[in-house]
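# Would you be able to build a 3D model of this:
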Amino acid sequence: MTSTLPTLESTPAAPAPLRPRGSNHVGMRAFNERVVLQAIRLHGALPKAEVARLTGLTAQTIGLITTRLEEDGLLLRQERVRGRIGQPSVPLALNPDGAFSLGLKIGRRSADWLLVDFTGAVRERRSLDYAFPDLGQLLPAIQDNIAALSNSLGPLAERLVGVGVAAPFQLGGWHRMLGLSENQSQQWNTIDLRAEVQRMTEAPVIFAKDTAAACVAELVGGRGRDIKSFLYLFIDTFVGGGLVINSHLHTGKHGNAGAVASLPMGLGGEVHTAEQLVTRASLWDLEQRYLALHLDPSAAYDERALSEPYLVETQAWIAKAANALAHSIVSGTAFLDVDAVVIDGSFSRAVLDLVIAQTTAALAHYNWEGLWPTSVVAGTTGPDARALGGALLPLHANFAPDQDLFLKVS
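Just a heads-up that it's a prediction; the model follows:
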């Protein structure tokens with residue numbers, strides 16, 4: 001089965017074998033093995049009989065598969081469960097040390113590296129802050145941090161199945177807003193970031209748009225477990241989005257579905273002069289408000305935003321952003337008819353709560369005739385969403401049964 005996601009690019013996977021025995025590898029499991037691993041990933045530790053019931057595979061097949069997965073270090077036996085009718089059962093759980101992946105987020109204000117284990121838990125993180133990423137400084141930092149995180153695994157480094165890179169399609173976009181030169185913008189708009197990172201590691205590298213990666217994190221470990229179709233909005237230096245339809249990430253023909261930053265806020269005199277959502281609902285705007293008062297712009301990303309002397313400007317920004325987000329949500333609902341809208345961001349959870357509350361209030365002022373009103377809910381992942389989503393992509397490529405995106409086993 002081949003992937004249909006145009007935003008996910010990778011080199012051919014070549015995971016290192018755990019031991020020289022046939023074709024058994026850390027990653028790239030056979031389909032039925034993937035189904036078993038996914039059932040345990042979604043439902044927690046399970047005895048073989050329950051795995052058979054959930055997957056529809058025979059007890060004999062489950063026995064053969066789980067034996068192989070135990071031998072390859074992907075499953076662990078738990079303590080026997082006693083006190084029930086019949087023989088005591090032995091639950092099987094994912095081995096956290098069974099496989100690892102690295103997630104790299106490259107943003108306009110910071111870069112993050114996450115080392116993630118087989119259960120999706122973050123083992124180690126590294127960050128680098130900057131005013132805007134300089135290629136000459138960032139590329140060596142990427143290489144150093146990938147090497148350091150890989151080396152931290154010691155003998156388990158052979159279980160690293162890939163690196164997921166999450167970054168904007170055009171990191172140099174809206175360069176005039178950011179005060180960048182044409183040359184700085186072009187450097188980032190023409191670089192093949194996946195290829196650059198691939199030169200730094202032997203592990204396969206996958207690339208995804210940053211907000212699509214964040215949407216993957218929410219789909220797999222957050223609201224996506226309960227909501228089948230949702231519009232995802234992520235507020236960072238620039239606002240962005242993603243789209244989930246029937247529990248699958250929908251990327252569109254050019255991989256840009258959910259690109260809400262470019263959504264016009266009104267026509268004005270000429271179409272090309274209309275403001276876009278990016279100018280009203282991005283933390284860049286909040287940064288500029290702080291800078292005008294000679295305040296630290298980085299406060300937009302932490303708890304200081306709701307304390308003096310930042311509070312007044314934060315409140316004004318939230319009011320403006322909420323109205324713009326409400327406009328976007330009504331427009332999106334008219335086309336998509338989703339179950340809900342999920343909003344998350346790089347700011348504090350307290351700011352997120354206020355943004356959602358005021359956006360919900362703004363939605364009440366719209367005429368919903370002919371539409372089904374949608375609910376707005378908070379995302380669960382926060383600032384780690386993009387790097388975590390990037391890290392989940394290699395794990396998915398190697399171990400999930402549905403290569404389109406994370407099939408739910410029912």
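
# Could I get the average pLDDT for stretch 232-244?
Stretch 232-244 shows a mean pLDDT of 93.

# I meant to write stretch 349-366 there.
For stretch 349-366, mean pLDDT rounds to 97.

# Do a quick rundown of the helices in the stretch 151-300 of the chain.
175-178, 182-190, 193-198, 210-221, 283-292 (DSSP state H, counting those that start in this stretch).

# closest one to Val36 among those helices?
helix 210-221 (17.7 Å; CB to CB). All C-beta spots, glycine's among them, are computed from the backbone N, C-alpha and C.

# Would you mark the buried spots in that closest one?
By neighbour count with 16 or more other CB atoms under 10 Å, helix 210-221 contains the buried residues Asp210, Thr211, Ala212, Ala213, Ala214, Cys215, Val216, Ala217, Glu218, Leu219, Val220, Gly221.

# Spit out the contact partners of the fourth one.
The neighbours of Ala213, taking CB atoms under 8 Å, 6 or more residues apart in numbering as the test, are Gly103, Lys105, Gly164, Ala166, Ala385, Arg386, Ala387, Leu388, Gly389, Gly390, Leu393.

# Just after the lowest-mean-pLDDT helix or strand in the chain, pick out the following helix or strand.
Ranking every helix and strand in the chain by mean pLDDT, DSSP states H and E puts strand 9-10 at the bottom, with a mean of 37. Next helix or strand after strand 9-10 toward the C-terminus (DSSP states H and E): helix 31-43.

# Buried residues of that next one, list them for me.
Buried, per 16+ other CB under 10 Å, within helix 31-43: Glu33, Arg34, Val35, Val36, Leu37, Gln38, Ala39, Ile40, Arg41, Leu42.

# how near is the second one to Arg223?
If you measure Arg34 against Arg223 using CB to CB, to the nearest Å, the figure is 24 Å.

# And the fourth one, by the same measure?
Noted for Val36: a distance of 26 Å to Arg223, by CB to CB.

# And the last one, by the same measure?
Counting by CB to CB, the gap from Leu42 to Arg223 is 15 Å.

# again with the third one
Here the distance between Val35 and Arg223 works out to 24 Å (CB to CB).

# tell me the SS of Val338?
Secondary structure assignment for Val338 (DSSP: H, G, I helix; E, B strand; the rest coil): coil.

# What sits closest to it if chain neighbours are left out?
Take Val338 and drop its neighbours on the chain: the residue closest to it by CB to CB, 6 or more residues apart in numbering is Ser229, 4.7 Å away.

# contacting residues for the one you found?
Val244, Ile245, Asn246, Ser247, Leu336, Val338, Asp339.

# same thing with Val330?
Leu363, Tyr366, Trp368, Leu371.

# hmm, which of those residues are the buried ones?
Counted by 16+ other CB under 10 Å, those give Leu363 as buried.

# What about the contacts of Val330, which are in helices?
Residues of the contacts of Val330 located in helices (DSSP state H): Leu363.

# quick one: Ala397 and Arg29, what's the gap?
Separation of Ala397 from Arg29 (CB to CB): 11 Å.

# and if you look at Ala340?
The spacing between Ala340 and Arg29, counted by CB to CB, is 33 Å.

# These two: which has the busier surroundings?
Shown here are Ala340 and Arg29; by other CB atoms under 10 Å, Arg29 has more neighbours (22 against 17).
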